[in-house]
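[1] Below are the sequence and a predicted model; questions follow.
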Amino acid sequence: MKFIILIAVVAVVVVAQEEPIPIVSETRQEFNNGVSGSSFEAGNGIKFQQKVVTGDLGQSNAEGVYSYPDEFGNIIEVHYIANENGFQAQGNHLPVVPPAPAHVAELLRIAEEQRAAGIVFE
């Protein structure tokens, strides 16, 4: 779902431009074993590459990379996997969750002991 939103956002950005942005290159590949791939590069620096395989439960699993220039001309690159575990993106520009404070592990251990002992809080 997030991938579809991403493509929609890219499409809106492309449509919002005054001049059409040319597609410099585009490839699509389909193989008999349920694997497919696609890629494109636009004249404004946007690049996209993806490989899709059929997952164990019949779902489509995708992995790929896309990049685009930000407003300062820096290239922003995102690597992603989309599978039964959801959409997982990685990129140097993405925020990182800080580690939990040390006392959280102790609280989780205590909570697990209480559950094992049958203690229930309402």
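    Received it, and whenever you're ready, just let me know what you need. Because the structure is a prediction, the values reported are computed rather than measured.
[2] check contacts around the closest residue to Gln59 other than its chain neighbours.
    Distances taken as C-beta to C-beta, 6 or more residues apart in numbering place Glu84 nearest to Gln59, at 6.1 Å, with adjacent residues excluded. In this view, the C-beta of every residue, glycine as well, is placed from N, C-alpha and C. By C-beta atoms under 8 Å, 6 or more residues apart in numbering, Glu84 lies in contact with Gly55, Asp56, Leu57, Gln59, Asn61.
[3] What subset of those is buried?
    Among the contacts of Glu84, those classed as buried by neighbour count (16 or more other C-beta atoms under 10 Å) are Asn61.
[4] Mind telling me the two of the contacts of Glu84 farthest from one another?
    Leu57 and Asn61 (9.7 Å; C-beta to C-beta).
[5] Please identify the helix or strand for Leu108.
    Secondary-structure assignment from DSSP states H and E places Leu108 in helix 102-116.
[6] That helix: which residues count as buried?
    Buried residues in helix 102-116 (16+ other C-beta under 10 Å): none.
[7] What's the mean pLDDT across it?
    The average pLDDT for helix 102-116 rounds to 93.
[8] if we can go back for a sec, just the ones of the contacts of Glu84 in strands?
    In strands, defined here by DSSP state E, the members of the contacts of Glu84 are Asn61.
[9] Strands along the protein, start to end?
    Read by DSSP E, the chain holds these strands, from start to end of the chain: 23-30, 36-42, 47-54, 60-69, 75-83, 86-90.
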